[in-house]
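# Make a model of this:
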Amino acid sequence: HWQEDVLMQSIESPAVKKAHARLQALSDDDEARRLAFVRERALHDEVTEKAEAEARGRLAGKAEGKIEGRADTLRRQLQLKFGALPDALEQRLQSADEAKLATWSEQVLFVERLEQVFGEDAVKG
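Numbers count the residues shown, from 1 in each chain. From the prediction side, this is the model:
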């Protein structure tokens, strides 16, 4: 900006004058400007990629927390209705996806036996 140039010309410090001269030389050099632009763009891309990765991580964490919460709720419902759960069913709860947990959570309301929630083979194994 021209006002900055006027201000820079009024500064008497040799170090500042030398820095200003170097900056002016770099500004006049097309290759130096291109490299500066490329570097600036790379830094910007790095910041953007990091922010996007952090956002993806937060979303994944929320989804995982939601599934864990649903599994915990279903576990409590099952224990209240049927008592302690076999280890095999505990493992199924821990590895189930959200859709399966939702289905089981609805089924637990309408069944008489634990086997009816998960299937006959699940409780025996």
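
# Look at residue 89 and say how many residues are nearby.
20 (other CB atoms under 10 Å). C-betas here are computed from N, CA, C, even on glycine.

# isn't it right up against residue 119?
No. With contact defined as CB atoms under 8 Å, residue 89 does not reach residue 119; the gap is 10.6 Å.

# Name the SS class of residue 111, please.
Secondary structure state of residue 111, per DSSP: H, G, I helix; E, B strand; the rest coil, is coil.

# Skipping adjacent residues, who's closest to it in space?
Among residues not flanking residue 111 along the chain, residue 117 sits closest, at 5.6 Å (CB to CB, 6 or more residues apart in numbering).

# Please verify my assumption that the one you found contacts residue 106.
No. Look at residue 117 against residue 106 with CB under 8 Å: they stay out of range, at 9.6 Å.

# Helices of the chain, residue ranges please.
Taking DSSP state H to define them, one finds helices in the chain at 2-10, 14-28, 30-82, 87-95, 98-107, 115-118, 120-124.

# if we can go back for a sec, residues in contact with the residue nearest to residue 111?
Contact partners of residue 117, counting by CB atoms under 8 Å, 6 or more residues apart in numbering, are 78, 104, 107-108, 111.

# Go through these and name the one nearest residue 10.
Residue 10 lies nearest to residue 104 out of the contacts of residue 117, by CB to CB, at 77.1 Å.

# Around residue 112, count how many other residues there are.
8.

# Can you say which of the contacts of residue 117 are buried?
Among those, the ones that count as buried by 16 or more other CB atoms under 10 Å are 78, 104, 108.

# The second one and residue 62, how far apart?
Counting by CB to CB, to the nearest Å, the gap between residue 104 and residue 62 amounts to 21 Å.

# Nearest residue to the middle of this structure?
residue 57 (1.5 Å; CA atoms, centre = their mean).

# how about that residue, what does it touch?
Here residue 57 is in contact with no residue (CB under 8 Å, 6+ apart).

# pLDDT at it, what is it?
On the pLDDT scale, residue 57 is placed at 88.
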